[in-house]
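> here is my input, please return the structure:
(one chain, ligands or ions: 1)
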Amino acid sequence: MSVNFDPVAKPYRTLERLTLGRALERTREHYLPRLTHARKVLAVGDGDGRFLAKLLRQNSQLEADAVDTSAKMLAQLRFRCRSDENRLHLFRQDALTFQPKTQYDLIATHFFLDCLTQPQVEQLTATLVPSLNEGGLWLVSDFRIPPAGPMRWPARLLVRGLYLAFRILTGLRVTQLPAHERALASAGLTRVAQRLFLGGLLTTELWQRSCQRCPSS
Ligand SMILES: C[S@@+](CC[C@H](N)C(=O)[O-])C[C@H]1O[C@@H](n2cnc3c(N)ncnc32)[C@H](O)[C@@H]1O
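Numbering: from 1, shown residues only. Got it, this is the predicted structure:
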């Protein structure tokens, strides 16, 4: 059975807040102030669209493509972005089959790469990175198991519990976090910023495509 996030689309925000309060929101939104330059964004697996709605609102020049397999998530996203609908293009399809037809300044994947296996993340990054303009950014937020410290074991337990919950609710078969940093680096990007939350359980990162003519960031 393929993954289906429709059943959790409506209660998604409530479930998220019940699990980790506003921590995921703070993680997603941390780098928003650094994204004002973007003119074309690809949001992959943006779910109910809370991030994209804020990004569109803060930047009236921005056009967005949003890819998601879930019709109900895309409906939530469209509703949240309704005041900027003319700058939004929705693609209901598997991100692994999405072939970019344009160049982007920004690709955003919040709590999405953890729905994929390592080979799938590598496939996705190899397909999408060439569609990033020089100097373009890939913003990724995700769960993380801290390599050491007091949050290491709680993080392992929480991540295991979340995978079990998503397996039951959505049919997700992935059981461990992929090493997205390995995939992004081998696709040619360099991490230029990182912020950890909740003792290292959550990470948000900016990865950049190199650029000869850009001022250093
Ligand atoms: C865990 S939710 C994350 C939602 C949101 N980005 C967030 O920060 O909470 C994963 C989202 O990715 C979508 N998704 C999962 N696998 C997908 C795939 N292979 N291609 C496209 N979308 C996918 C789901 O429908 C869902 O909207």
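> so is stretch 202-211 next to the ligand?
No. Shown here: stretch 202-211 not in contact with the ligand (Cβ under 6 Å from any ligand atom), separated by at least 10.3 Å. Every residue, glycine included, has its C-beta placed from N, CA and C.
> meant to ask about stretch 107-127, not that
Yes. Using Cβ under 6 Å from any ligand atom, stretch 107-127 reaches the ligand at 110-112, 115.
> and stretch 69-79, by the same measure?
Yes. Stretch 69-79 comes into contact with the ligand (Cβ under 6 Å from any ligand atom), by way of 69-70, 73.
> ok, stretch 173-186 next?
No. In terms of Cβ under 6 Å from any ligand atom, no part of stretch 173-186 sits within range of the ligand; the closest distance is 9.1 Å.
> quick check: end-to-end length of that stretch?
End-to-end distance of stretch 173-186: 25 Å, with Cα to Cα, to the nearest Å as the criterion.
> just stretch 56-67 next, same as before
OK, stretch 56-67 end separation, Cα to Cα: 16 Å.
> name the helices or strands packed onto the lengthiest strand in the chain?
Longest strand in the chain, counting residues (DSSP state E): strand 132-143. Packed against strand 132-143 by the contact rule (3 or more Cβ pairs under 8 Å, 6 or more residues apart in numbering; DSSP states H and E) you find helix 23-29, strand 104-110, helix 152-170, helix 180-186, strand 189-197, strand 202-209.
> Val67 contacts Gly47, doesn't it?
No. Between Val67 and Gly47 there is no contact under Cβ atoms under 8 Å: 11.5 Å.
> would you mark the buried spots in the worst-scoring helix or strand of the chain on mean pLDDT?
Counting by mean pLDDT, DSSP states H and E, the chain has its least confident helix or strand at helix 12-20, which shows a mean of 94. Neighbour-count burial for helix 12-20, counted by 16 or more other Cβ atoms under 10 Å, picks out 12, 16, 20.
> as TSV, those residues with distance to the ligand would be great.
Listed next are those as TSV, based on distance: Cβ to the nearest ligand atom, whole Å:
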residue	distance to the ligand
Tyr12	7
Glu16	6
Leu20	11
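> would you confirm that Thr190 contacts Ser210?
Yes. Using Cβ under 8 Å, Thr190 makes contact with Ser210 at a distance of 6.7 Å.
> how about the residues of this structure by the ligand?
Near the ligand, when you scan the chain using Cβ under 6 Å from any ligand atom, you find 3, 5, 28, 45-47, 67-70, 73, 94-96, 110-112, 115.
> tell me the contacts of the residue positioned nearest the centre of the chain?
The structure's the chain has its C-alpha centroid closest to Thr109; by Cα atoms, centre = their mean the separation is 1.6 Å. Contacts here follow Cβ atoms under 8 Å, 6 or more residues apart in numbering; on that basis Thr109 touches 43-45, 138-141.
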